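A.B. asks: dropping a prediction and its sequence here:
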Amino acid sequence: MRRLLLVSCLAAITMTSCASVGGVGSVGIERVLANPARSAADRERDARDNPAQVLALAKFKRGDTVADILAGGGYYSEILSGIVGSSGKVLLVNNPGYDGFGKKGYTERLGNGRLPNVTHVVGPSDALGMGENVLDGAVIVMSYHDLYWVDEKEGWPKVDAGKFLDQAVRALKPGGVLLVVDHSAKQGTGSSAAQGLHRIDEQFAIADFRKHGLQWEAAIPVLRNPDDDRTKNVFDPAIRGKTDRFVHLYRKP
C-alpha cells in the first residue's frame, strides 16, 4: 500500500494532498500560520511563499527534529517550531554570512524564550555543527544557490558546496528528508546563474543532490511563475517576490 501511495504521489506531483499523508498536512500548517503571535512581516511573506503547501510536501510531524539550514532570520524556523511542537526540536542553522544577515530577525524571533524548541546554531560553512544521523528532516529555502555565489566584499567567500551538502546528508537520519526551494534559472545554465542572478538550474540541483547521496522524491509547482523569463536578478523590482521557484523533496536512503 505504501509503495502504491508513493507511486501515486510521484505520478501526480501537482497535487498537494499526497504531501499531507503521514505528517502535518497543509490544513494543520495553516493553523500554525494563524498563530496571533506571528509578526505582520511574516504574515505578509506567507502570501508570497505559500508555506502551508510547501511544507506539507515534507510531511514533518510532531516530535520531529528538523534543521532550517541557512535560515537567516528564521522565518521558516518559527513555522517549523509550531509544526513539530513542544516534543520536537528545530535547529536555526546559519554560517557567519547568513547569521550576520539575519541577526535582527532571529534576535526578535527568539527573544524572551518565545520559541523554546528552537536552537540557534552557527558554524563555518563546512562545519555547521548539526551532528550526524540526528535529523528527521531539513529545509534549505532560497539559499542553496548561494553555495555557488562568491562576493568577498559582502563577506561571502567561496563555499565548498560538496562539503556543505555532505554534512547536511550526514546530519539526516536514514529515511530523513530534505526540502529545497530555490529561484529557477534557465535550463542548461548549471550553477552559473547563481553569481549574477541568484538563481540555479533545477536539473543541476537534482543531479547535485543525487551526487551527494540523496534520492529525488517529489516536486510541486505551487511557486512556479511562467511569466518569469528567468533572465532577471531575483532582487530586480520587476520580479522580486514573484520569481519562478522550484520545490523539491529529497530523501536519504
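C.D. replies: Thanks, I have it. Numbering: from 1, shown residues only.
A.B. asks: and the helix ranked longest in the chain, what's buried?
C.D. replies: When the chain is parsed with DSSP state H, its longest helix is helix 96-110. By 16 or more other C-beta atoms under 10 Å, the buried positions in helix 96-110 come out as 97, 98, 99, 101, 102, 105, 106, 109, 110. Just so you know, the C-beta spots here come from the backbone N, C-alpha and C atoms, and that holds for glycine as well.
A.B. asks: which of those lies closest to residue 35?
C.D. replies: For the buried residues of helix 96-110, the minimum distance to residue 35 (C-beta to C-beta) is 12.7 Å, reached by residue 109.
A.B. asks: tell me the buried residues in the helix or strand just after the longest helix of the chain?
C.D. replies: The C-terminal neighbour of helix 96-110 among helices and strands, as given by DSSP states H and E, is strand 118-122. For strand 118-122, a neighbour-count test (16+ other C-beta under 10 Å) marks 118, 120, 121 as buried.
A.B. asks: before we move on, back to that, just the buried residues of helix 96-110 now: which is nearest residue 240?
C.D. replies: Out of the buried residues of helix 96-110, the member with the shortest distance to residue 240 (by C-beta to C-beta) is residue 101, at 16.3 Å.
A.B. asks: without its sequence neighbours, what residue ends up closest to that closest one?
C.D. replies: residue 72 (5.6 Å; C-beta to C-beta, 6 or more residues apart in numbering).
A.B. asks: so where do the strands sit in the chain?
C.D. replies: Secondary structure of the chain by DSSP state E: the strands cover 65-69, 89-94, 118-122, 135-141, 172-183, 215-220, 245-251.
A.B. asks: those into CSV, with extra columns for mean pLDDT?
C.D. replies: Compiled in CSV, the strands of the chain are given as follows (pLDDT from 0 to 100):
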stretch, mean pLDDT
strand 65-69, 98
strand 89-94, 98
strand 118-122, 98
strand 135-141, 98
strand 172-183, 98
strand 215-220, 98
strand 245-251, 98
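A.B. asks: a markdown table for those strands, including distance to residue 128?
C.D. replies: Compiled in a markdown table, the strands of the chain are given as follows (distance: least, C-beta to C-beta, whole Å):
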| stretch | distance to residue 128 |
| --- | --- |
| strand 65-69 | 7 |
| strand 89-94 | 5 |
| strand 118-122 | 7 |
| strand 135-141 | 11 |
| strand 172-183 | 13 |
| strand 215-220 | 22 |
| strand 245-251 | 18 |
